[in-house]
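> need a structure here:
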Amino acid sequence: MENLPKICVDTTDAFMTTKRFGTREEVIRWIREVGIDNKVTVIISRSDTETGKRGRSNKIIFGCDKGGKHKISDSGTQSASKKCGCPFKIRSTPAKDGSGWKIDVKCGLHNHGLPDRLEGHSFIGRLTTDEKQHVADLAKRHVAPRNILLSLQDKFPENVTRITQVYKHKSVIEKEIRGPRSEIQHLFKLIEDARYVYWSRKKDDSEVVREIFWAHPNSVKLLNIFPIVLVMDNTYKTNKYRQPLFEIVGMTSTELTFAVGFAYMESEQTENFCWVLEKLKELFVKKDMCPQVILTDRDLALMKAIEVVFPNSINLLCRFHINKNVGRYKVGGIPIPIDVVHVHWRKLTMEVELEIGEDDGSKVDMTAAMDELWRRFRSLDVVGKRALRSRVCELAYPTMTTLCPPPEKIKTKGGVKKKGKKPADYDVYRDPSYHEYVDKASQSSQRQSQPSQTSKKIKLSKKQPQFIVQFPNHIRSYIEDVVNVESDGNCGFRVIASLHGYGEDGWSMVRRELGLELIDKDRSTLYDKLFSNRLSAVRESLMIESFGSQPPEKWMSLPDMGYLIANRYNVVLVCLGNPCITFFPMTSSHSPNVSIYCIGFVNQNHWVQVNMKEGFPLPPVTLDWKKFRSHITTTWMLGFAGRMQHWQLLTPVIA
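Numbers count the residues shown, from 1 in each chain. Modelled structure (predicted):
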């Protein structure tokens, strides 16, 4: 006893008893209950059962959880331990007279202090069988962990479990429910069981999931009844893969909100938002239906995606104009007529069946598509049939998907600790955020706009300096030179012919090909909508009677010819003039190796060829392009989003 440290706690009297116990379990239960009452964590340090062999007898040796010594591993790594060699020891064996199990306190002393409370202790806080079942019952009813803990403490007053143990047991329950399925397979099973509408896509050529979008059938129904106002926002760090959860919320006529859909996204780039919004667009039953107002925070990537996918929607709901219109009736004392109230606010029922529009071209019949699949399947060889079958099986059996979650969590804190020189102007070695690009570009443009004696003047082309000064100031530094052509009324077509490789004298060929483009049967519907009653005038402007000088009505005019040039030659046409405009093809998807033709309008009556530096900023597209383009051309805006944003940054703000 003299070797004990200064701290010495005696619990001998608490465990001394003459009581006999019928079974081992009764002994264990009594000692642990006494231990909890006295703030002692008692564990079984040794146990034996009589088997008839020599040296085997019924006995239980109890000790303190801080008994024994910490073993140092051979690896040399240091680790903490609560073991301090506590001498506490109790022995329990069956009495010789057969009256039951007896308890013998060998040492009731502790060489350490006892805690004031045992709440949260790793051993004492373990859930019993009854407590585990109670947690499972509440978890099935989607009770929050904090409320489960309160319920445990009410039903089991002696319980000292912490919320961590509740979370751990919930995780065990979820793993048991999931069984052998992967996380993605189980997610798709739950989505299928609830009959959700969903889409997913893979990352590049791997099996790693990139984005998942899902919506409940009732949400789809509400969306088509109340499509006017949508609210969109991201939540962060809601899952162990740190992928943003994108949420779309709708609003009813009674100002109640409902969840439209959700999406896990790889990142918050414009391209990711566009994919999600395109899937949202497919939830609308009628082809021409779209939200009129979309509320978001100032997420520039999301705002850009909305502009691409929903060009006719607005991002801001201006209460000023609403109040102004209502104030007009209020001041005049006139009741508000029912026909001036938007139909959105007059809908008071949700019992409306979704019907396909008969006149908007929407179709859900899959007969032709299935026939085409069978035709293609029969025409393929063995390898091709296997590949097609695997793709169809992904749709037919989503719970057997081979998709897997991201391989590791995305680090969200701190800089990247990496040797080497960090990039200039940034304090951590990482890719700068978009706002940093904006601030940097803004500061750069301000420095350029301020006159300085040491700043270098813009080097004008030696060939045509008188033309360069007619273009906007912020784009002049990107111009290499300007090439003039003959001014005979065909100058615009001469420039296009030169850029296309025909040579300046191939202008008549360009006129002829644009005329053929205009009457192309595959695009006749497009041009009928685009030019409407001006279609014949556009066609007449391309026809000439002689090869000499042409009158003004035969000159190349924009934007009409811009659409034809971009579509016919599948190029990006950039016009520098007043205004500056970009024309993308209207029927084809983005190509990374596309040619960019840049032309300039000078002297109010003449077209010239403008040779630009690599990666120069692109001006905005026309509203008609956004209105009449086909669905697949969205990728043009995505492919050149950075260069178009750069143009907006360089453009001076006009007060």
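
> Other residues contacting stretch 9-21?
27, 30-31, 34, 37-38, 40, 88, 90, 92, 95, 99-103, 105, 107-110, 112-114 (CB atoms under 8 Å, 6 or more residues apart in numbering). Just so you know, the C-beta spots here come from the backbone N, C-alpha and C atoms, and that holds for glycine as well.

> Narrow those residues to those in helices?
27, 30, 31, 34, 37 (DSSP state H).

> burial of the last one, as a residue count?
The local packing of residue 37 (other CB atoms under 10 Å) involves 11 other residues.

> list the buried ones in stretch 169-184?
Residues of stretch 169-184 classed as buried by neighbour count (16 or more other CB atoms under 10 Å): 169, 170, 182, 184.

> and stretch 171-187, average pLDDT?
For stretch 171-187, mean pLDDT is 84.

> How about stretch 550-558?
So the average pLDDT for stretch 550-558 ends up being 89.

> List the buried residues in that stretch.
550, 554, 555, 556, 558.

> Of the residues you listed, which is the nearest to residue 395?
residue 558 (45.1 Å; CB to CB).

> rewinding a little: among the contacts of stretch 9-21, which are located in strands?
Judged by DSSP state E, those include 90, 92, 101, 102, 103, 105, 107, 109, 110 as members of strands.

> quick one: contacts for the residue lying closest to the fifth one once chain neighbours are set aside?
Excluding its sequence neighbours, the residue lying closest to residue 103 (CB to CB, 6 or more residues apart in numbering) is residue 92, at 5.2 Å. Counting by CB under 8 Å, 6+ apart, residue 92 makes contact with 21, 27, 31, 59, 60, 61, 62, 101, 102, 103, 104.

> what's the answer for residue 170, then?
Per CB under 8 Å, 6+ apart, neighbours of residue 170: 135, 139, 145.

> List phi and psi for it.
phi -60, psi -40 (degrees, to the nearest 10).

> Specify the local secondary structure of residue 283.
coil (DSSP: H, G, I helix; E, B strand; the rest coil).

> In this model residue 215 seems to touch it, though I could be wrong.
Yes: the pair residue 283 and residue 215 qualifies as a contact (CB atoms under 8 Å) at a distance of 6.0 Å.

> intersection of neighbour lists for those two?
197, 223, 260, 261.

> ok, so of the contacts of residue 170, who is nearest residue 488?
Distances from residue 488 to the contacts of residue 170, taken by CB to CB, are shortest for residue 145, at 80.7 Å.

> show me where the stretch 501-650 of the chain has strands.
572-576, 581-583, 596-602, 606-612 (DSSP state E, counting those that start in this stretch).

> Now render those strands as TSV, adding mean pLDDT.
Putting the strands of the stretch 501-650 of the chain into TSV (pLDDT from 0 to 100) gives the following:
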stretch	mean pLDDT
strand 572-576	94
strand 581-583	94
strand 596-602	93
strand 606-612	93
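
> which one among the ones in strands among the contacts of stretch 9-21 gets closest to residue 347?
residue 110 (72.3 Å).

> Number of residues surrounding the nearest residue to the closest one once chain neighbours are set aside?
Among residues not flanking residue 110 along the chain, residue 9 sits closest, at 4.4 Å (CB to CB, 6+ apart). Around residue 9 there are 16 other residues, counting by other CB under 10 Å.

> Give the PyMOL command for selecting the buried subset of the ones in strands among the contacts of stretch 9-21.
The following PyMOL line selects those of those that are buried, judged by 16+ other CB under 10 Å:
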select buried, resi 90+92+101+102+103+105+107+109+110
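
> Give me the three-state assignment for residue 372.
helix.

> I'd like to know how many residues surround it.
Residue 372, neighbours per other CB under 10 Å, totals 11.

> On the C-terminal side of the helix or strand of the chain with the lowest mean pLDDT, identify the next helix or strand.
Lowest by mean pLDDT, DSSP states H and E among the helices and strands of the chain is helix 434-449, with a mean of 43. Elements were assigned by DSSP states H and E; along the chain past helix 434-449, the next helix or strand is helix 465-468.

> Show me what that next one is packed against.
strand 479-483 (3 or more CB pairs under 8 Å, 6 or more residues apart in numbering; DSSP states H and E).

> what residue of this protein is the furthest out?
residue 97 (73.4 Å; CA atoms, centre = their mean).

> what helix or strand is that one on?
Using DSSP H and E, residue 97 falls outside every helix and strand.

> What distance do you get for it to residue 274?
84 Å (CB to CB, to the nearest Å).

> repeat for residue 559
Distance from residue 559 to residue 274, by CB to CB: 24 Å.

> Would you mind giving the ones in strands among the contacts of stretch 9-21 as CSV with pLDDT and distance to residue 290 added?
Output for those, formatted as CSV (pLDDT from 0 to 100; distance: CB to CB, whole Å):
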residue, pLDDT, distance to residue 290
90, 91, 76
92, 92, 76
101, 90, 78
102, 91, 82
103, 90, 78
105, 90, 80
107, 90, 79
109, 89, 78
110, 87, 73
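
> Need the ones in strands among the contacts of stretch 9-21 in CSV (columns: distance to residue 52).
Listed next are the ones in strands among the contacts of stretch 9-21 as CSV, based on distance: CB to CB, whole Å:
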residue, distance to residue 52
90, 26
92, 21
101, 20
102, 22
103, 25
105, 29
107, 31
109, 36
110, 37
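
> Name the nearest of the ones in strands among the contacts of stretch 9-21 relative to residue 150.
Of all these, residue 150 sits closest to residue 110, with 32.6 Å by CB to CB.

> pretty sure the closest one is touching residue 35, no?
No: here residue 110 does not reach residue 35: they are 11.3 Å apart, not a contact under CB under 8 Å.

> Beta-bridge partners for the nearest residue to residue 565 once chain neighbours are set aside, please?
Distances taken as CB to CB, 6+ apart put residue 573 closest to residue 565, at 5.1 Å, once the chain neighbours are dropped. Note on residue 573: beta-bridge partners by DSSP bridges are residue 583, residue 597.

> quick one, what contacts residue 573?
562, 565, 566, 582, 583, 596, 597, 599.

> among these, which ones are buried?
For the contacts of residue 573, buried by 16+ other CB under 10 Å: 562, 565, 566, 582, 583, 596, 597, 599.

> And the helices in the stretch 551-655 of the chain?
560-569, 623-628, 634-639, 641-650 (DSSP state H, counting those that start in this stretch).

> what's the most buried one of those helices?
Burial of those is given as mean neighbour count (mean count of other CB atoms under 10 Å); helix 560-569 ranks first at a mean of 24.

> Extract the C-alpha set from that one and format it as CSV.
Extracted in CSV, the C-alpha atoms of helix 560-569 (Å, rounded to 0.1, in the frame of the first residue of the first chain):
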residue,chain,number,x,y,z
ASP,A,560,-29.1,38.7,-91.0
MET,A,561,-26.0,37.6,-92.9
GLY,A,562,-24.2,36.7,-89.6
TYR,A,563,-26.6,33.9,-88.9
LEU,A,564,-26.3,32.5,-92.5
ILE,A,565,-22.4,32.7,-92.4
ALA,A,566,-22.1,30.9,-89.0
ASN,A,567,-24.5,28.2,-90.0
ARG,A,568,-23.2,27.6,-93.6
TYR,A,569,-19.6,27.4,-92.7
